[in-house]
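>>> no FASTA, just this:
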């Protein structure tokens, strides 16, 4: 049994005991009003079931709503695997925060047109002279230079990237950037980048 399963069982056990204590104290205090008490008990029961469900799914909710990026003091950045199975990193690009999906199969940093515009690139003036092969076929790309890219307190200037003219859900953090790390380790739950 893994640590997460044990934590989940402990959370549910604690909530069950807490709910039982609340129910018993409520019944004792409302002995004379059983009809009203039954109605309110059913409402409390629904609230309690909701709390248990939220506690049981908290890991999934936390990962999908607020993906965490832990920066370790030993020069390591730990990216937890998200609910969709991918790893995401939040970088500052040209002074603006941007979330990338880590893609070791991509050779470069690849910006979607929307993300490129969000970091101050005028996508209307780009010249899409390059080509890239993707799972959806060949797409046109434009070379750009990012003024600055920061991750884990380390900033690089004049970073080369490409903007994808095709339809992309988000931007990709490829090997041209990942090569800045001395070691890339992928475990069952985390991607660990070591400087």
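The structure has been received and is ready for your questions. Computed from a predicted structure; not experimentally measured.
>>> Which strands or helices does the biggest strand by length in the chain pack on?
Ranked by number of residues, the top strand in the chain under DSSP state E is strand 137-151. Packing partners of strand 137-151 (3 or more C-beta pairs under 8 Å, 6 or more residues apart in numbering; DSSP states H and E): strand 88-93, strand 130-134, strand 154-164. Any C-beta I mention is one placed from the backbone N, CA and C, and that applies to glycine too.
>>> Buried deepest among these, which one?
strand 88-93 (a mean of 19; mean count of other C-beta atoms under 10 Å).
>>> Quickly list the domain ranges of the protein.
What automatic domain parsing lists as the domains of the chain is 3-56, 68-194.
>>> Neighbours of the nearest residue to residue 81 once chain neighbours are set aside, how many?
Sequence neighbours aside, residue 189 is the residue nearest to residue 81 in space, at 5.3 Å (criterion: C-beta to C-beta, 6 or more residues apart in numbering). Residue 189 has 9 neighbours, counted by other C-beta atoms under 10 Å.
>>> Surely residue 189 and residue 79 touch.
No - with contacts defined as C-beta atoms under 8 Å, residue 189 does not count as touching residue 79, sitting 10.0 Å away.
>>> mind listing the strands for the chain?
According to DSSP E, the strands that the chain contains are 70-71, 76-80, 88-93, 96-102, 110-112, 130-134, 137-151, 154-164, 171-173, 183-186, 190-194.
>>> Show me what the last one is in contact with.
Yep, that's strand 190-194 we're talking about. Contact partners of strand 190-194, identified using C-beta atoms under 8 Å, 6 or more residues apart in numbering, comprise 74-81, 87, 102, 152, 178, 181-186.
>>> All set, thanks.
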